[in-house]
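> Sequence first, predicted coordinates after that:
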Amino acid sequence: MNLQEQIQHDFRKYLAHENNDSSEIFAQLRHKAIAEFEKTGLPNIKNEEWKYTNLRNISSLSFNSSSDISNNAKKLLNENSLNAIKANHLVFINGRFYNDLSNIIENDKSIIISNLETERKNNSVHLEKHFGKYAKIEGEGLNAMNTALLNDGVFVYVPINQKVEHPILITNIVDATEFNVLSQPRNLILVEKNSSVQIIENYLSTGINASFTNVVNEIFVDENAKVEHYKIQQQCGESYQNNFTQFFQNTSSNINQVTLTLDGALIRNNLHFYMNGENCNSLLYGFYLTEKNNHIDNHTRVDHASPNCYSDEKYKGILKDESTAVFNGKIIVHVDAQKTNAYQRNQNILLSETATINTKPQLEIFADDVKCTHGATIGRLDDEQLFYLQSRGISKDSARRILLNAFADEIAERIKIPELVQILEAEIEKKL
Amino acid sequence: MLSIKNLQAEIEGKQILNGINLEVKAGEIHAIMGPNGSGKSTLSAIIAGRQEYQVTAGSITFNGKNILEMSPEARACEGVFLAFQYPIEIPGVSSINFLRTAINERRKYNGLEPIEATDFLKTMREKMELIKMDKSLTSRSLNEGFSGGEKKRNEIFQMAMLEPTLAILDETDSGLDIDALRLVSEGVNKLRNKDNAFVVITHYQRLLDYIIPDFVHVLYKGRIVKSGDKSLALELEEKGYDWIKNEVEQVNN
Amino acid sequence: MSKETEVDIIDQVVSQEYKYGFTTDIEMETAPKGLSEDIVRFISDKKNEPEWMLNWRLKAYRHWLKMEEPNWQNFNYPQINYQDIIYYAAPKQKIQLDSLDQVDPELLKTFEKLGISLQEQKRLSGVAVDAVFDSVSIATTFKDQLKEKGIIFCSVSEAVKEHPELVKKYLGSVVPYTDNYFAALNAAVFSDGSFVYIPKGVRCPMELSTYFRINAENTGQFERTLIIADDDSYVSYLEGCTAPKRDENQLHAAVVELVTHDNAEIKYSTVQNWYPGDKNGKGGIFNFVTKRGSCEGKNSKISWTQVETGSAITWKYPSCILKGENSTGEFFSVAVTNNAQIADTGTKMIHIGKNSRSRIVSKGISAGKSHNSYRGLVKINKKALNARNHTQCDSMLIGNKCGAHTFPYIEVNNKTATLEHEASTSKIGEDQLFYCNQRGIPTDVAIGLIVNGFCREVLNQLPMEFAVEAQKLLAVSLEGSVG
């Protein structure tokens, strides 16, 4: 059974139980999603947005949705370097929430830091109002697939005028010790007026089998609210990930988003911002380090749908071995989104003869009073800089490492949690 | 030549000028001084025809014509020149091309044929000599990458080329070192004659050491609150703008 | 400037009429409408072509039948009915290519009206012209002087007969008929175009130029240009185009192939001013062209310069395949769209040779309701050690109903590559306009001035005589666009 068939099969299995679960508020959405999935299917390279990323390997696999977890997963969790951060910690393994492994320190009545399943059982008004409203499924086969079989994920609700003091750390582990694993986290984060929150998504994996993590994040940021969102991807081995994150921003909201991709056989990030009100600020920064024959694809899209908004994007990559990186940045300035300021840069350093970078920084502009610049560079380490360091007595090898670390740290330092920056800079140094 | 009567103007609903009266005759130099925000630059912008400002009352006539009804380019062709406080950069357009276009538009307005290339170049050389302009500036893109001083001198050079009847210098002295200030002033003095007039807008007295005004007006809160000869500028330098402010406030109280 | 005055000015300054929109009344010989093997044979027969040429056309035609029209572009166009086009139209007379005296005076007048004089005494100094009227070449000037240096400059039809060995060797070598839908169509039905061969060690002493004119109704123009610069040679070539105003869209699907050998250089400039259609987008030329050059030899260079102001839709990507070591590819482009025009243009730079380098400067100006896209590919292959590219693409928007889009594809398979891409979008500043106004320059003249400044880097690449023309053209095509 290939993936497409498996999804259809799993959906039939769900249908068999559907009637027993009449409280299912997602039912309608699931039906719509499966229809869309059957129509659209998994993306292929004929789709312009997937020109450089081929899912052939994934679509031919079959997966188990086993609920058993091995000791490997627990070990991985215990050794996780991010444990050092004082945070509201939510743990998901193979897409399921583990309450006993989680530790939520700020659980006052008004702020909700929980999982989707719990929230669903509470007949949440928030879900009715927001769920499935931002991440579109039309033409997005993988989002449809996530929606049709959605299981669990994070639910965060920050009411007006509240600040979540400590970061929310979401650890997502795939444990492929026994079988190929398909995990489909579905996260919903709602930040109301004047509130703020820091979110860390951390992706880990263990086991020799293949895994496919297909994430959908919907993040609603109301007027004047502030969200810091950090995504750390370090799944190893034969792990594949598609990560779709949609931010929906109302007036004067602020977002600082950083994506660090340090490992993964194939990763496709789809990071979307929709500026629904004026004066929004969105910062999006990314760093990817690719090695072996890894394939890392960052697709970003910023919809400047309102006037007077600002976006600044910078993605940097270091490519080793036979790896491939893809960057596709799209800025769309809608009609009437006057006084838009949008900046985008992509910089790459190739360390190997056999690495490949495909980059496409695009602009689509439908308003005239805008300032937009975009750019891309591809190159190697600057010989002048290397020589300068060497002339000060530093060995060529150390000089290289210093320069590469400096290149990467510029992005890591966009993270506003100092402990996290430290941990990540150490990880990057190890890798380099 | 220039007659401003009870000029009142606002921008985005905010009143800036509260009834300006000013008479400028041929051969005269008028200095307009005043603290920041008093309406000096607004006045020059309105004379030149910037559209953002709404004139709510009063009139401006220039050589007997009501110029408030005219487009900015028509006013320029009539002989009004504004030396910008912040000259604008136009990438890829050389000064020389810009000036030739401007001169020919003016000639067209006056029913004349376009200027002969040789005549144009000859005039340009003369005027460059007159105000000691560096030749290389004319072939570079207009104001692009010019230093502050170069931009201001380029304004004076354009003024020399266009030979206006009325030149308004909007804070031409700001950002200039003493040498550049002297060069700019010398340029103005050389261009001065009995048929033209200058309105020099400045915050500081020092420019007026070089360009000697016949009249000095002090602008405060959108009104000319004091007029005198060049000694007023010196008095102002000595006593500071607070002197004027206090005086005005006292009258108001 | 306030919104009201913007609108006023747009209303006031009515777009200048397309001044090349006249038609020439001349008796034509045309093929029947539609496309079939018989039509391909008809064209080949009209041109007295040898068997091998006909066979090549037929192969292309059969291949075309199997292809589908592409649909990846960033715009839509009305379906083209390929059976509704006339594929061959020529002035009815026996043309003696070598003698101007025998050219119909009506035709000479037409070209004179277009500013292209074919009479010896009035020719532009230092420019040799090949004039193409609908499907055929009318006259080629300065042939004899060029011949003395061994330079071949003639129509493609003539080259097929006179220089079959060269045509056989190079025709389709850069753009094979299998390349794309329109290239296949062109290969099947191409009627005429220019052929240039510069022998080893020769620097062509004058600009070579082809002037294309569509006149007949319901016809398509499918010309084919082939330029070969042998070792250590140089040539600068320019093409210009116009068409009458007609309500229906006419298809222009040309193919241009350039080949440079060791140390050779071709500079290819285009000033494209096909009829753009009226204000509402009715009529105009579909300019779907394949242009590609191959830098075969070491140190060879191909430089494309284009000023695109006309056509209802322009869809083309003049490209360079940089095979030779140290070879250089350049692309300088100005694309102006106004009213309902569409331009989807850019370039491909394929780096194969060591130390190959490329430079791209693209300036797009959109006004009215038009859409202007830059689409480009820079590909650095594994073997292209130390390849370099620099790309700059700037857009300017005039008014808020138009769009400016950039789709740069960058594919790098080599760590020694250095590549930079910069792009920006801006509008004409109100401050800039006011500054010009204050110096006595009216707004529409100021726009022309500012736009020409914006494009200066590209215009500087054009041969002197044409740079002036191009500047005027830019100002004219933007008239009525002020905002």
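That came through, no problem.

> What parts of the stretch 1-150 of chain A come near chain C?
Contact residues, the stretch 1-150 of chain A versus chain C (CB under 8 Å from any CB of the partner chain): residue A:48. Quick note: C-beta positions are derived from backbone N, CA and C, even for glycine.

> need the helices for the stretch 1-150 of chain A, in chain order.
A:3-18, A:27-40, A:56-59, A:71-79, A:116-121, A:125-130, A:141-148 (DSSP state H, counting those that start in this stretch).

> which one of these is the most hemmed in?
Using mean count of other CB atoms under 10 Å in any protein chain shown, the stretch among those with the greatest mean number of neighbours is helix A:141-148 (a mean of 26).

> Send me that one as PDB with only the CA atoms.
Taking only C-alpha atoms (Å, rounded to 0.1, in the frame of the first residue of the first chain), the coordinates of helix A:141-148 have been written out as PDB:
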ATOM      1  CA  GLY A 141      -2.700  17.800  -0.600                       C
ATOM      2  CA  LEU A 142      -0.600  17.500   2.400                       C
ATOM      3  CA  ASN A 143      -2.600  19.900   4.500                       C
ATOM      4  CA  ALA A 144      -5.700  18.000   3.400                       C
ATOM      5  CA  MET A 145      -4.100  14.800   4.400                       C
ATOM      6  CA  ASN A 146      -3.300  16.200   7.900                       C
ATOM      7  CA  THR A 147      -6.800  17.600   8.300                       C
ATOM      8  CA  ALA A 148      -8.600  14.400   7.100                       C
END
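
> what's the offset of that helix from the middle of its chain?
Using CA atoms, centre = their mean, to the nearest Å, the distance from the centre of helix A:141-148 to the centre of the chain it belongs to is 16 Å.

> Please identify the pairing partners of whatever helix or strand comes next after that helix and their relative orientation?
Using DSSP states H and E, the next helix or strand after helix A:141-148 towards the C-terminus is strand A:154-158. As defined by DSSP bridges, the strand partners of strand A:154-158 come to strand A:112-115 (antiparallel), strand A:186-191 (parallel).

> which residues are contacting strand A:154-158?
When contacts are taken as CB atoms under 8 Å, 6 or more residues apart in numbering or on different chains, the neighbours of strand A:154-158 outside the stretch itself are A:90, A:92, A:111-116, A:118-119, A:124, A:126-127, A:164, A:168, A:170, A:185, A:187-192, A:195-197, A:199, A:225.

> and those residues, which are buried?
In the contacts of strand A:154-158, burial by neighbour count holds for A:90, A:92, A:111-116, A:119, A:124, A:126-127, A:164, A:168, A:170, A:185, A:187-192, A:195-197, A:199, A:225, counting by 16 or more other CB atoms under 10 Å in any protein chain shown.

> So for residue A:283, which of the helices of the stretch 1-150 of chain A sits nearest?
Relative to residue A:283, the nearest member of these by CB to CB is helix A:125-130, separated by 23.3 Å.

> And the helices in chain C, which stretches?
Listed in chain order, the helices of chain C (DSSP state H) span C:3-12, C:37-46, C:51-66, C:105-113, C:143-148, C:156-162, C:164-170, C:181-189, C:430-438, C:443-454, C:456-459, C:464-477.

> The residue nearest to the spatial centre of chain B sits in which helix or strand?
The geometric centre of chain B, computed from its C-alpha atoms, lies nearest to residue B:168 (CA atoms, centre = their mean), at 1.7 Å. Secondary structure here is read from DSSP H and E; on that basis residue B:168 sits in strand B:166-170.

> any idea of the angle that strand forms with helix C:430-438?
150 degrees (axes from the mean of the first three to the mean of the last three CA atoms, to 10 degrees).
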